[in-house]
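> Dropping a prediction and its sequence here:
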Amino acid sequence: MTSSERAPRLWRALLPAGAAAAVVYGLTAPSAPAPAPVPQRAVAVSATAPSAPSADPAPAGVAAWPSLSGVAMPAGPEANAAGNLRLTRALRTYFDYFLSARHDAGGIDALDALVHDDIRRHVPQPAAGQAWQLWRRYVACLAEIQPEAARKPLAGADGMLDAQQVQQLRALLTQRDAARQRWLPEVAQAWFGDEQAYDEAMLARLEIAAQPGLDDAQRRQRLAELDAALPEHVRAAREASARPRAISQTIADLQAAGRTTQDIGAALAQAYGAEVAQRYQQQAQAEQSWQQRYDDYAARRAQIEAFAGLSEQDRRQQLDTLRRQAFDNPSEALQAEVVDQAMATRRQAR
């Protein structure tokens, strides 16, 4: 395996666990049959912030899953005075809690059964049926988004996208937003409105950064004007993301300078505190271990791919078996699959 084919570094441990899980699921959600539509009722939509963790315990066995270790069970579905489902932002948080543990559950079918039963622990009919159908449509929406997400443009060595790549990214996000509106029209704004406004602001910044003919002063001025025009909630979200982005940039700069893991940990401790440094060092050790196993796996995968005597179906079966043998932790097997797809896309783009 050449150095250019090594798996990209993933510093998700420095970011909120729920956000990382949602991203992974968005890229890897399985295909699902289109569920029946939810009966149209007059149900109030709320875009309030996610509610506090539920006082109810998680379903039996769920709290022990590795992907949910230390994650509090969100509040479940709620019914209004008429018995219909309240369509709140917190409902997406509840669904994402389960989605982040899809592989621990043993697949989407097993997860469906858990969600189906847990919904009924929280609300009676008709709210329970409405929540179940909304869950099924959410899963189907994510399954549609998956193939498109794999086509996202790859940044260059400097971490930047050119103007054409920014337009490709804009087109992909437009398709994503259209899928959300088509599958989830009654909750699209409450569930995704803030995220889409933030994405639009970030796309505008990328377009300015990639625009030819601007000198540094002009580019800084346009970025400042853009920031000043941002809605308050988008500006707050951007400021909240500044610290993890700064941490990631610090790590990238020090790695580019050839600094050791110990040196980087010391620099992070000084700039951001001991907890960030400890997370980095733990993640660096885990990544080194995973990379060694991925390199061994990739060498054996290449042998299977190069063997001319296999049918395409047999080849896929052998690759799936190899991945499960090399990575007994389902989340690591998932990571290997995502990296395989990214490497294949990169090779095709050359």
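Right, received. Where do you want to start?

> Check which residues of stretch 341-350 are buried.
Neighbour counts over stretch 341-350 (16 or more other C-beta atoms under 10 Å) mark 342-343 as buried. Every C-beta, even on glycine, is put in place using the N, C-alpha and C of the backbone.

> for the record, mean pLDDT for it?
Per-region confidence: stretch 341-350 scores 71 on mean pLDDT.

> ditto for stretch 238-252
For stretch 238-252, the mean confidence score works out to 78.

> Any buried residues in it, and which?
238, 244, 247, 250-251.

> Closest one of the residues you listed to Arg120?
Ranked by distance to Arg120 (C-beta to C-beta), those are led by Pro244 at 37.5 Å.

> roughly how far apart are that closest one and Ala237?
Pro244 sits 12 Å away from Ala237, taking C-beta to C-beta, to the nearest Å as the criterion.

> do the same with Asp328
According to C-beta to C-beta, Asp328 and Ala237 sit 37 Å apart.

> neighbour count winner among those two?
A side-by-side neighbour count of Asp328 and Ala237, using other C-beta atoms under 10 Å, places Ala237 first with 17 against 8.

> Wait, that one touches Tyr198, no?
Yes. Shown here, Ala237 and Tyr198 form a contact pair, counting by C-beta atoms under 8 Å, at 5.0 Å.

> By residue count, which helix of this protein is the longest?
Counting by DSSP state H, the longest helix found in the chain is helix 274-306.

> List the buried residues of that one.
By neighbour count on 16+ other C-beta under 10 Å, the buried set for helix 274-306 is 276-277, 279-281, 283-284, 287, 290, 294, 297-298, 301, 304.

> Check which helices and strands that helix sits against.
In terms of contacts (3 or more C-beta pairs under 8 Å, 6 or more residues apart in numbering; DSSP states H and E), helix 274-306 is packed against helix 261-272, helix 312-326, helix 330-349.

> Repeat the analysis, applying 6 Å as the threshold.
In this structure, helix 274-306 packs against helix 261-272, helix 312-326, with contacts taken as 3 or more C-beta pairs under 6 Å, 6 or more residues apart in numbering; DSSP states H and E.

> Was I right to think Leu268 contacts Ala277?
Yes. Using C-beta atoms under 6 Å, Leu268 is in contact with Ala277, at 4.2 Å.

> Show the low-confidence segments of the stretch 201-350 of the chain, by residue range.
The model of the stretch 201-350 of the chain has pLDDT under 70 over residues 241, 331, 346, 349-350.

> can you give me the strands in the protein?
Taking DSSP state E as the criterion, the chain carries its strands at 45-46, 87-88.

> mean pLDDT for the ones you listed: which is lowest?
Here the lowest mean pLDDT among these goes to strand 45-46, at a mean of 44.

> Could you check how far the residue nearest to Asp340 when sequence neighbours are not counted is from Gln288?
Closest residue to Asp340 apart from its sequence neighbours, by C-beta to C-beta, 6 or more residues apart in numbering: Arg301 at 7.6 Å. Distance, Arg301 to Gln288, using C-beta to C-beta: 20 Å.

> now Val339
15 Å.

> do the same with Thr93
On the measure of C-beta to C-beta, Thr93 and Gln288 end up 33 Å apart.

> Next: Arg259.
The separation that Arg259 has from Gln288, given C-beta to C-beta, amounts to 15 Å.

> same question, Thr345
Going from Thr345 to Gln288 by C-beta to C-beta gives 25 Å.

> Over to Ala237?
33 Å.

> And Asp109, by the same measure?
From Asp109 to Gln288 the distance is 35 Å (C-beta to C-beta).
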